[in-house]
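>>> I would like to see how this sequence folds:
(chains A and B)
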Amino acid sequence: MADLVTFTIDGRQVQAAPRTLLITAAKQAGIEIPAFCYYDGFSLQAACRMCLVEIEKTPKLQVACTTPVTEGMVVRTDSPQVAAARKGMLELLLTNHPLDCPVCDKGGECELQDMVFRYGAGESRFVETKQHVDERQWSPVVFYDKPRCILCYRCVRVCDEGLGVGALGVGDRGSASEIIPNRGDHLECDECGACIDICPVGALTSGTYRYQTRPWEMDHVGTICTFCSNGCKTTLGVRNGEITRANNRDKSGVNGEFLCVKGRYGFDFNHHPERLTAPLVRVNGKLAPASWAQALATVGKKFAEVKQRGGKFGVIGSNHTTNEENYYLQNFARQALGTSNIDHRRTGDVATLIDALHGHAGALATTADLYTTPAALIIGSDLSQQHPFLAWQLRANFRHHQAKVFAITSGPIREDRYAAKTMRAAEGEELTAVESFREHLAQQKSLVILFGDSIKGDAVRKLVAFGDSLGIPVSYVPLVDYSNSRGASDMGVLPDLLPGYHGVREAGLEPGLAYDAILSATDLDALYVVQENPFAKTPLASTGAFVVVQDLFLTETAERADVVLPAASAYEKAGTVTNVCGEVQKLKAGAKTMGAKTDLEIMGLISKEMGVSIGIWKHDTVFAEVRKSVPGYNVALPVVETGGAAPTFPVNGRVPLEDRPDLISSDRNTLFLSGTLGRYSKMLTSVLEYPGKLYGQPVETELEMKEAQNT
Amino acid sequence: MPPARSHGRFPGFVTLLRYTGRMAKLGEVLDSAVAIARGMTVTFKEMLNPPITEEYPDAPPIFEERFRGAHVLERDENGLEKCVACFLCAAACPVQCIYIEAAENTDQVRISGGERYAQVYNIDYNRCIFCGYCVEACPTDAITHGHGFELASADTSALVMRKEDMLRPLGAA
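Okay, the predicted model is just below:
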């Protein structure tokens, strides 16, 4: 970095790196220069002219958002001339902006409203009638109100540069100019809603939050999205115990600006009318509502009886529950039930990677690494669809640091557009294809490899060997599917591994049955399923088994159960989850559903009914235990408690695992799918099922056209 | 007057005295009657005039125009509700007695003039201090202070007024 530049702003001498934009340098010095079009991280627009400042020896006012600081520059941001100019700009912006703040959804958190309030430009000298254009719905989630639009181009840039979708543009000229969607009258896009959040005014508004409440009426609860494994922070707007919206208004999570359609709009499963609110117990072949006391007594009695006669238990854990619950569940299975038949749906081969990485320090990439590492290799995943935040990080890395992105996938992916080199390879043949990348990869300073579920078992070891042979620092991201898939694995919800990838034999136990074996065992006496839906794909072979299911809804699995216990969702409880990159983040309870209990509490109460003590069922007590007993999870508590992301590296020597790569299969959830949970989100399903108008007509995407040309 | 007693030698004098006494008494009675009549002149005169005090509860009370009584939710000239559920009254309320749930107008069901209307609008008169901030905050002049004041109730739950209780009846401008 060259020497710092010294300049004067509002009579203060400050320093900044050369080529820093004046608006950024001023912010660093603690001076705010208002702007609508300027947005950190995206290309410059200089459209709104709100950031006008006075620069000595320059006759006219200059825009701070495109002017770099220079040595000896003397800037005034608070002179009467600047204030008058800004007031004038606001008056012009308001020529056609309807002052319908009382009904506008942005009212109360509108940047234009704030500015007009600050510069007192509410009165206008214009007497002409304001143009009115009716509001238009572009998709189930996006509404556009043209008169409110101030043409700052933020939405256009976030969609194009941030998401790589480019669904928005500006059409027409002069006072008729407006934002237009990619399909003329509707949008065909990721439906992520980034344009809505980034809009400084109420021109783009959200279909779910629309006219429901106002920003100051809600409690804002920052928690972690419960859908995919990327671990984005989403801030829930909660009113009367009900979630009315989700966005990333404080931008404090690993995801910063980013949220996809699931994080912003998928929360509505929480208030789905089919949510279970009372336990169900099978009486005379039918599930009937019962009290918690009855249901817990039934489960406790039956479990104790099966345990006493040495019966066979099966336990299936979840990819959505917290680390504490997973840890407690494996304790419950191994200690209270005395069984090793515990497993979860494995969606990525984390255990083998941890084993293959023994002796490598810091070889697991964090989400922040994806933004800083100069090169990345994607293997076998449509990253933008399945791991949208990781794709966002790579795109930002490319945009800001010219990162080299390589991809080996079976079909076209969005990353093809900017990738340094891409290749198509059938599933399972990626490792042969990767050899042709060797030359390119070895030239990089360091590399992150993101691999999907097709790389499992031996292939993981081969991939790590390939990484080692490159001679550059290589870190890895095993792409798992759900919000706490990684945590379920780390917490030992596995038949052969204890928390922290210790072998069960170390504790004097025998490995138990794996996922498929539990379902296909004909002599199973009792099955305990926590927030998982295994029977959707495979029916239970043991017809006589006593099945206890904890879930939010009456899923296929719950319908077969003998006792169904209503569980709280991730938005209703505290605890920690581990994302795809191994970062531990804290959940905060926002909403509340009457009648439901957290899985942790249910497990504790069942163990109490059974007369077995497996410890206090409080999330912080369990987390303290996790920090002690799981290597790598001894994370800095202040970081986690204050809503930060603490990276974990649970690598501790060899993992004595029984390789079962056949059990690993990703659900390949795209942006609008998320297993069983996604089915209960009205907004996600409406985006999917909006027939004809949005997704019905096949539209040739740029990529498909490019693909067609290549073949 | 003590009972007259005979003194033997002057019976006529005593009797005379007695008579004179009686005469004096009559005079007193007359004097009193005159005094009362004089004293009651104003009363008797006013008995015939109409009353100048308020006849509440026999007749409705009269209010100053700016009296802050129970709220009234106004309608516009088309009979639509003026309230667009902007929540500003609830935000301005120092005792948080206003509860609103908003909903969107559709072409089929149009309740207010704006895009949004108040589906639920409750004021808790247990808490309301009639400060008038809500009226001041209202951007559409939808909420006003009416002159309703008979709000006492033995049942606190009856003091939570709903929108229907406060809305100006259709046709009554």
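>>> spatially central residue for the chain, please.
In the absence of a named chain, this looks at chain A. Residue closest to the average C-alpha location in chain A (CA atoms, centre = their mean): A:Cys232, at 3.3 Å.
>>> nope, chain B please
Central residue of chain B (CA atoms, centre = their mean): B:Pro61, 4.8 Å from the mean position.
>>> what about the nearest residue to that one once chain neighbours are set aside, neighbour count?
Spatially, and ignoring its direct neighbours in sequence, B:Pro61 is nearest to B:Glu54 (5.5 Å; CB to CB, 6 or more residues apart in numbering or on different chains). In this view, the C-beta of every residue, glycine as well, is placed from N, C-alpha and C. When counting by other CB atoms under 10 Å in any protein chain shown, one arrives at 11 neighbours for B:Glu54.
>>> try A:Phe117
Neighbours of A:Phe117 using other CB under 10 Å come to 11.
>>> how about the closest residue to chain B within the stretch 501-650 of chain A, what does it touch?
Residue nearest to chain B within the stretch 501-650 of chain A: A:Ala591 (16.7 Å; CB to the nearest CB). Neighbouring residues of A:Ala591 by CB atoms under 8 Å, 6 or more residues apart in numbering or on different chains: A:236, A:238, A:241-243, A:270-271, A:569, A:571-572.
>>> for those, which one is nearest A:Ile342?
The nearest member of the contacts of A:Ala591 to A:Ile342, counting by CB to CB, is A:Ser569 at 22.5 Å.
>>> follow-up on the earlier one: wait, the residue nearest to B:Pro61 sits on B:Phe63?
No. At 10.3 Å, B:Glu54 and B:Phe63 do not qualify as touching, with contact defined as CB atoms under 8 Å.
>>> so which bits of the helix or strand that B:Thr15 is a member of are buried?
Assigned by DSSP states H and E, B:Thr15 belongs to helix B:11-39. Buried residues in helix B:11-39, counted by 16 or more other CB atoms under 10 Å in any protein chain shown: none are found.
>>> show me what that helix is packed against.
Helix B:11-39 sits against no helix or strand, with contacts defined as 3 or more CB pairs under 8 Å, 6 or more residues apart in numbering or on different chains; DSSP states H and E.
>>> please enumerate the strands of chain B.
B:70-73, B:98-104, B:116-124, B:143-148, B:160-161 (DSSP state E).
>>> so what's the residue count around the nearest residue to A:Phe437 once chain neighbours are set aside?
The spatially closest residue to A:Phe437, leaving aside those adjacent along the chain, is A:Phe406, at 5.6 Å (CB to CB, 6+ apart). Look at A:Phe406: counted by other CB under 10 Å, it has 22 neighbours.
>>> tell me what A:Phe406 is bridged to.
A:Phe406 has these beta-bridge partners by DSSP bridges: A:Leu377, A:Lys421.
>>> pretty sure it contacts A:Ile379?
No. Using CB under 8 Å, A:Phe406 makes no contact with A:Ile379, being 9.0 Å away.
>>> can you list the domains in the chain?
Reading this off chain A. Split into domains by automatic domain parsing, chain A comes to A:5-93, A:111-271, A:280-347+A:484-649, A:350-478.
>>> chain B was what I was after
B:13-48, B:70-166.
>>> winner for burial among the ones you listed?
domain B:70-166 (a mean of 17; mean count of other CB atoms under 10 Å in any protein chain shown).
>>> what about that one, start to end distance?
Using CA to CA, to the nearest Å, the end-to-end distance of domain B:70-166 comes out at 8 Å.
>>> quick one: distance of it to the chain centre.
23 Å (CA atoms, centre = their mean, to the nearest Å).
>>> how about the residues of chain A near chain B?
A:100-103, A:107, A:135, A:210-214, A:216-217 (CB under 8 Å from any CB of the partner chain).
>>> related to what we said a few turns ago, nearest to chain B among the contacts of A:Ala591?
Of all those, chain B sits closest to A:Glu242, with 10.7 Å by CB to the nearest CB.
>>> please tell me how far the closest one sits from A:Leu236.
Counting by CB to CB, to the nearest Å, the separation of A:Glu242 from A:Leu236 is 10 Å.
>>> the more surrounded of these two?
When A:Glu242 and A:Leu236 are compared for neighbours, A:Leu236 comes out ahead with 24 against 18, by other CB under 10 Å.
>>> who does the more buried one form a beta bridge with?
Beta-bridge pairing of A:Leu236 under DSSP bridges involves A:Val221, A:Ala246.
>>> first-to-last residue distance for stretch A:499-512?
Note: stretch A:499-512 ends 15 Å apart using CA to CA.
>>> same thing with stretch A:655-673?
By CA to CA, one end of stretch A:655-673 lies 33 Å from the other end.
>>> list the buried residues for that stretch?
Buried-residue list, stretch A:655-673, by 16+ other CB under 10 Å: A:655, A:657, A:659-661, A:663-667, A:669-673.
>>> distance from the chain centre to it, please.
Its chain's C-alpha centre and that of stretch A:655-673 lie 19 Å apart, by CA atoms, centre = their mean.
>>> pLDDT below threshold where in chain B?
B:1-14, B:16-17, B:21, B:172-173 (pLDDT under 70).
>>> the same query, at a cut-off of 80, please.
Applying pLDDT under 80 to chain B flags residues B:1-24, B:171-173.
>>> near chain A, which residues of it?
Proximity of chain B to chain A (CB under 8 Å from any CB) is limited to residues B:84-88, B:90-91, B:102-104, B:114-116, B:139-140.
>>> any idea which element A:Glu305 lies in?
Following DSSP H and E, the helix or strand that holds A:Glu305 is helix A:292-308.
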